[in-house]
Structure formats: structure tokens, C-alpha cells
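> Give the three-dimensional model of this entry:
(one chain, ligands or ions: 1)
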Amino acid sequence: MKKKLLIMTGGGDCPGLNAVIRAVVKSAQYDGNWEVYGSIEAYNGLMTNPIRVARLGSTEVAGIHYRGGTIIGTTNKGDPFQFPVKQEDGSYVKVDRSDEVIRQLKKLEIDAVISIGGDGSQQISQQFFEKGVPIVGVPKTIDNDLSATDRTFGFQTAVEIATDAVDKLVTTAASHNRVMILEVMGRSAGWIALHAAMAGGAEVCLIPEIPYDIQKVVERLERRYKAGKGFANIVISEGARPKGGSIVSRKSREVGYENARLGGVGYQLAEELAEAGFHEAVRVNVLGHLQRGGVPTAFDRILATQFGVRAFELVRDKQFGRMAAVRNGKISDVTLKEATAAYNFVDLDNFLVRSARAVGISFGD
Ligand code: F6P
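Down below sits the predicted model:
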């Protein structure tokens with residue numbers, strides 16, 4: 001009898017998820033001893049009545065490698081260890097439903113689980129592993145903020161989209177002699193902003209790792225205008241903040257959504273520029289979820305496929321409690337504990353940061 005493998009995608013979606021799913025299903029078919037199932041919307045599929053679990057075979061995964069999103073859905077509101085349950089008075093109380101998930105896995109006779117997700121999802125994977133669930137992780141995030149892997153798939157796609165936006169803003173900025181501010185995603189890591197600023201040739205790049213001094217930003221812009229270039233481009237990461245200031249965020253009203261919602265720092269920057277005495281025309285563009293949608297780049301499809309294959313190998317070899325990773329350019333794996341131990345901030349000694357400074361990009365410091 002074939003063994004049963006359950007796969008799920010959790011947290012925010014990311015280009016390349018479908019390529020991982022396809023690679024797992026195809027690896028399992030090639031091996032010949034496994035059937036693959038998908039839990040719809042991560043663990044939520046196991047906690048609803050009736051449960052939502054779909055068989056994944058050749059038909060389901062055919063041609064999905066270049067499709068954005070995830071064919072099995074995702075959620076960032078379904079932590080089974082802290083699941084929001086509605087009370088009679090309309091309020092919500094967090095309940096630990098992890099044992100219910102484990103019972104369901106047993107009932108379905110699942111032999112292994114592959115969870116594709118970012119740091120939050122992999123912390124949940126570690127908790128299930130500690131409770132005896134045979135689980136393997138696959139890292140995903142456009143933010144590239146997991147330190148246990150050199151890269152996550154989705155990041156390069158997001159950088160391409162952000163760079164394309166900078167390229168487009170350059171032509172309109174030049175036509176109107178304007179400063180264009182582009183706000184990009186990345187949470188507490190400035191990787192997307194840094195890459196897009198360099199690839200797009202921006203004059204200023206503001207990232208969470210370097211709180212900016214607005215006077216320094218103004219100086220850089222004025223230098224450019226004085227040099228006769230009557231326009232400039234700024235890429236700002238959603239998690240950036242001025243020196244002594246705080247990040248622009250708001251609490252979500254969505255039940256069970258634990259993350260602060262970032263966004264809006266680009267508009268704040270435009271105000272700060274005006275208040276600091278910079279009077280050229282400024283326009284703000286917030287790129288938002290466009291960075292997460294659409295077709296993954298070839299690089300991300302290839303990385304995602306390799307992660308899917310490695311995750312299946314870990315399952316086949318009973319190497320549970322581990323996560324696929326790329327280290328020093330080679331596909332390998334790390335423990336789930338290592339996977340979430342440290343956040344991958346932009347390292348300020350990184351050659352990319354030095355190169356950015358060398359080509360005239362100001363970080364506002
Ligand atoms: O972590 C990926 C990411 O896109 C961040 O860059 C961004 O801050 C966040 O998710 C947005 O989350 P949501 O899709 O829940 O609004």
C-alpha cells in the first residue's frame with residue numbers, strides 16, 4: 001500500500017508555490033511509493049467539518065509551474081496553536097487546536113507532512129514536530145528574510161516587478177521633472193528595496209536597517225537637481241523609518257491576523273521632504289501586492305522546483321524536523337529550529353550596500 005504525503009501552503013502567497021507543489025507530486029510519482037494530498041488553506045483544511053483535503057496527481061499539477069499563487073490556497077490566520085474561536089458574545093478567544101489536527105492526520109493515515117511557508121509557518125512546523133508529527137518545511141517569502149537559506153523563491157520575481165516599476169517611473173519622472181517615490185514590500189528587511197534601487201538606478205534607497213535622516217535625503221536630491229538632472233527616484237521599503245521615528249503600520253481588523261500591516265511610509269516621506277524645505281514636485285507610488293502576483297521568474301521556478309524535490313527526499317529518507325534550503329549556492333537542508341532562529345536583515349557590510357553607495361545611492365545616513 002502506498003504511503004500518504006500531505007502538502008500545504010501557509011502564510012502570504014508567493015510566486016513559485018505551485019512549482020514546489022508540482023515538484024513534490026512529480027517526485028512522489030517517480031518514487032512510486034507515495035500518494036500526495038493537499039490540505040486546503042494550510043491547517044484550516046484539517047480543522048473544518050467536512051475537512052478540505054484534495055488528492056494531487058498528474059492532472060492537478062499539469063502546467064502549474066508558471067502559475068502564481070497556490071492551487072491549494074493559503075492563509076495567515078490559521079495557527080492551530082492559537083486558533084481564534086468565536087464566543088457567544090461575539091468576541092474571540094485563542095484556542096490550541098493542535099491535538100485536533102494531529103487526530104485528523106492520524107485518521108487520514110498521513111505518513112508525512114510538507115509545509116511550505118515563511119518564518120511563522122515554520123515555527124508552527126517546529127511545534128508540530130515537537131509533538132511527534134513527521135513534518136518537513138520548505139521556505140517561501142518574497143521578503144528574503146529567512147537567514148537559514150541564501151535565497152527564498154519569490155524574491156527574485158518581486159525584485160523584477162519592483163525594478164520594472166522603477167524603470168517606468170524614471171520616464172515619467174524625467175518628463176515632469178519630478179521626484180518619484182516607490183514604496184516596496186519586505187517587512188523588516190530591505191532586500192527588495194536594495195535590489196530594485198540598484199537595478200533601477202535610483203538615487204535614494206531607504207531601508208529598515210538604516211533609519212534615515214531627512215536632511216541627508218534632501219541633500220542628495222538637491223545635489224542631483226543642481227547637477228542639472230531635473231528628476232530623481234527614491235525606493236523606500238515599507239518597514240523604513242526616520243531616525244528617532246517609528247514604522248508606519250496599523251493593526252489589522254481581520255480576526256486571527258497577528259502581523260502588523262505595514263504601508264504608507266512613502267506618503268510620510270513625501271510630507272517630510274516638504275517639511276524639510278524640499279519644494280520640487282513629488283509623487284508617491286505604493287507597489288503593494290503586485291509584487292506577489294503573476295508569473296514567477298525562471299530563477300524562482302527552478303529554485304522552487306529544487307526545494308520541492310529536496311523536501312520530498314527528506315520525507316522519503318525520514319529526515320523530519322528539517323527544512324529545504326540553499327546554502328552557499330548548494331541545495332541542502334537545515335533543522336526547523338535553525339530555520340527560524342534568526343531574521344535575515346540586510347547586512348550593512350554586504351558588498352551590495354557598498355556597491356550601492358559607490359554608484360551614488362544615498363541611504364539617507
Ligand atoms: O511577507 C510577505 C509580505 O508580502 C510582506 O512583504 C508584506 O508586509 C506582507 O506580506 C503583506 O501581507 P498581507 O498579504 O497579509 O497584507
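
> where exactly do the strands run in the stretch 251-365 of the chain?
Assigned by DSSP state E, counting those that start in this stretch, the strands in the stretch 251-365 of the chain fall at 260-262, 282-286, 322-327, 330-335.

> I'd like these written out as JSON lines, with mean pLDDT, mean neighbour count and distance to the ligand added.
C-beta coordinates here come from the backbone N, C-alpha and C atoms, glycine included. Formatted as JSON lines, these follow (pLDDT from 0 to 100; neighbours: other Cβ atoms under 10 Å; distance: least, Cβ to the nearest ligand atom, whole Å):
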{"stretch": "strand 260-262", "mean pLDDT": "91", "mean neighbour count": "16", "distance to the ligand": "5"}
{"stretch": "strand 282-286", "mean pLDDT": "98", "mean neighbour count": "17", "distance to the ligand": "11"}
{"stretch": "strand 322-327", "mean pLDDT": "98", "mean neighbour count": "23", "distance to the ligand": "17"}
{"stretch": "strand 330-335", "mean pLDDT": "98", "mean neighbour count": "16", "distance to the ligand": "20"}
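
> Smallest gap between the protein and the ligand, at which residue?
Proximity of the chain to the ligand (Cβ to the nearest ligand atom) peaks at residue 185, 3.2 Å away.

> Quick one: residues contacting that residue.
Taking Cβ atoms under 8 Å, 6 or more residues apart in numbering, we find residue 185 in contact with 142-143, 158, 192, 237-238, 262, 287-288, 291-292.

> change it to 7 Å
The contact partners of residue 185, by Cβ atoms under 7 Å, 6 or more residues apart in numbering, come to 142-143, 158, 192, 238, 291.

> And for residue 33?
Shown in contact with residue 33 (Cβ under 7 Å, 6+ apart): 2-3.

> Show the pLDDT at it.
Looking at residue 33, its pLDDT is 98.

> any idea how far it lies from residue 243?
According to Cβ to Cβ, to the nearest Å, residue 33 stands 58 Å off from residue 243.

> just residue 81 next, same as before
37 Å.

> who's more crowded, those two?
In this view residue 81 and residue 243 are compared by other Cβ atoms under 10 Å, and residue 81 has more residues nearby, 16 against 13.

> where do the helices sit along the stretch 151-300 of the chain?
155-176, 191-200, 214-226, 265-275, 298-316 (DSSP state H, counting those that start in this stretch).

> So what's the gap between the first one and the chain middle?
Put plainly, it is helix 155-176. With Cα atoms, centre = their mean, to the nearest Å as the basis, helix 155-176 stands 20 Å off its chain's centre.

> Same question for the second one.
If you compare the mean C-alpha spot of helix 191-200 with that of the full chain, they lie 16 Å apart, counting by Cα atoms, centre = their mean.

> Quick one: mean pLDDT over that helix.
Across helix 191-200, pLDDT averages out at 98.

> Equivalent analysis for the first one, please.
Per-residue pLDDT over helix 155-176 has a mean of 98.

> So, low pLDDT: which residues of this structure?
Within the chain, the set of residues satisfying pLDDT under 70 is empty.

> in it, which residue is closest to the centre?
residue 141 (2.4 Å; Cα atoms, centre = their mean).

> How about it: what's its closest non-neighbour residue?
Spatially, and ignoring its direct neighbours in sequence, residue 141 is nearest to residue 118 (4.2 Å; Cβ to Cβ, 6 or more residues apart in numbering).

> can you give me phi and psi for that neighbour?
In terms of degrees, to the nearest 10, the main-chain angles of residue 118 are phi -90, psi -160.

> can you pull the contacts of it?
11, 140-141, 146.

> Now a ChimeraX select for only the buried ones of the residues you listed.
The ChimeraX selection below is limited to those of these classed as buried (16 or more other Cβ atoms under 10 Å):
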select :11,140,141,146
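
> ok, the contacts of residue 118 vs residue 85, which is closest?
residue 11 (20.9 Å; Cβ to Cβ).

> tell me, which of the contacts of residue 118 make contact with the ligand?
residue 141 (Cβ under 6 Å from any ligand atom).

> Can you pick out the most distant pair from the contacts of residue 118?
Going by Cβ to Cβ, the pair spanning those furthest: 11 and 146, at 11.4 Å.
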